[in-house]
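Visitor: Provide a 3D model corresponding to the input given below.
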Amino acid sequence: MNRLLALALPALLAPYCWGASRIEVEGPATPAPVIKPVESGVAKIELPTAPLAPTAGLISPAQIVDAPQTAPSFAEPQVPVLPPSLPSNPQAQAAEVRATAPAAGEPTTEEPAAEAPATEFTGRVRAILSRLSNPFGTKKGADETPAPTPEQEGYGRFQKTDYWSLTASATRDEVVRLRELNSKSEKQAYVREAGQKILDEIKRRRGTDNIGFHFNLHGGTAQGYVDGGGIRATMGDIANNYSMHGDKNLKVYFFQSKKVALYDILNERNPAMLFFPSRMGSVVSLFRLDAPELAQALADGRIQNFGAISMDFHGMRGVPYSAFLAPPLDVFHQTAKRIGIKGGLSRDEETLAVMRYIEAAALAGDRFVPPAR
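Guide: Numbers count the residues shown, from 1 in each chain. Down below sits the predicted model:
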């Protein structure tokens, strides 16, 4: 009796049940794997390569709603046959790889892997660097060397002549005579008189009445003055380091020959080094304080407050290179070696040697300084 109820109950309850207990959906059949023998004795299994439909076997809500009200079936569910997995034996895998690999020397038919497309990162970085190095967008190439300026050409020709060597022999003899003097005061008097004669000769030969001497007190090289086209005016008042009420004007500091002797100009010490032997700088620039370029700037107000040691610049970069008597001169560096004297030099002896070098360079300097443009 119980078995009869179990068989009849689903039929009796079918009209009152929602949906169907079994819905058959047609889908693509799963192809069986293909097993091929190889010469190595290990079977090679090729899995089916046909793509599986992503929606095969899925049931939509509409299909469920429209499904016919049929009696439930107690048939056994159909279990799909899964393909066997690849062998997990490492030796079998290695044998299968050797079987499929081409023999040595046998040409392969595989095409070389295509190179990855070049990214635009490198090009963009180069474009940014190019704009930074050339912000005004000139047509000059990034790797093209700019043409030298007239000042740079003149300085290059000036360096081809070693004026230290030209004056070395006469300077050595003069240093020997200086050492024969008895007292230090006599030596200083000799060097001071020699410096005054040198100034007078430079003024006479170069047609100027007042010479300015500018040192690189705060650093800089001779090539820097050449590349910069002269002496650049700066906010150089030392009071600005200690007070907000210092002089904010752009200035150029100098010694002038009308007020200071050449001996005192070269013998001056660096004010920042009070307790050690020092000089005002290692590069000195000689220029005409009465040059036409500076006289015109004084007349139209671009130079103001012309004093004993400085002048202010307004709307003007500084002392132009065309006012120089000679290219910037490297001084007080290995002076004894430059004139061929073994051992060191006293301060007065070094000052005398630098004087003779300045004399030779200033008298020939007009060939290396281009005129105003």
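
Visitor: Thought Arg279 was touching Glu268, still the case?
Guide: Yes. The pair Glu268 / Arg279 is scored as a contact, 7.4 Å apart, by C-beta atoms under 8 Å. From N, CA and C alone the C-beta is placed, and that goes for glycine too.

Visitor: Neighbour count: these two, which is higher?
Guide: Arg279 (21 against 17; other C-beta atoms under 10 Å).

Visitor: and the more buried one, what element?
Guide: Using DSSP states H and E, Arg279 sits in no helix or strand.

Visitor: Which residues are in contact with it?
Guide: Shown in contact with Arg279 (C-beta atoms under 8 Å, 6 or more residues apart in numbering): 215, 266, 268-270, 331-332.

Visitor: Report the beta-bridge partners for the closest residue to Arg317 other than its chain neighbours.
Guide: Counting by C-beta to C-beta, 6 or more residues apart in numbering, the nearest residue to Arg317 once its immediate chain neighbours are dropped is Arg232, at 6.0 Å. Following DSSP bridges, Arg232 is listed with bridge partners Gly318.

Visitor: show me where the protein has helices.
Guide: Ranges of helices in the chain, per DSSP state H, are 2-13, 61-65, 90-100, 121-133, 150-159, 163-179, 184-206, 222-228, 262-267, 292-300, 335-339, 347-363.

Visitor: and those as JSON lines, adding mean pLDDT and distance to Ile309?
Guide: JSON lines is the format used below for those (pLDDT from 0 to 100; distance: least, C-beta to C-beta, whole Å):
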{"stretch": "helix 2-13", "mean pLDDT": "58", "distance to Ile309": "119"}
{"stretch": "helix 61-65", "mean pLDDT": "49", "distance to Ile309": "98"}
{"stretch": "helix 90-100", "mean pLDDT": "53", "distance to Ile309": "89"}
{"stretch": "helix 121-133", "mean pLDDT": "74", "distance to Ile309": "39"}
{"stretch": "helix 150-159", "mean pLDDT": "97", "distance to Ile309": "26"}
{"stretch": "helix 163-179", "mean pLDDT": "97", "distance to Ile309": "28"}
{"stretch": "helix 184-206", "mean pLDDT": "97", "distance to Ile309": "18"}
{"stretch": "helix 222-228", "mean pLDDT": "96", "distance to Ile309": "19"}
{"stretch": "helix 262-267", "mean pLDDT": "97", "distance to Ile309": "11"}
{"stretch": "helix 292-300", "mean pLDDT": "96", "distance to Ile309": "15"}
{"stretch": "helix 335-339", "mean pLDDT": "96", "distance to Ile309": "26"}
{"stretch": "helix 347-363", "mean pLDDT": "98", "distance to Ile309": "20"}
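
Visitor: TSV for these, including distance to Ser285?
Guide: What follows is the helices of the chain, written out as TSV (distance: least, C-beta to C-beta, whole Å):
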stretch	distance to Ser285
helix 2-13	115
helix 61-65	94
helix 90-100	80
helix 121-133	29
helix 150-159	12
helix 163-179	15
helix 184-206	14
helix 222-228	6
helix 262-267	12
helix 292-300	14
helix 335-339	19
helix 347-363	11
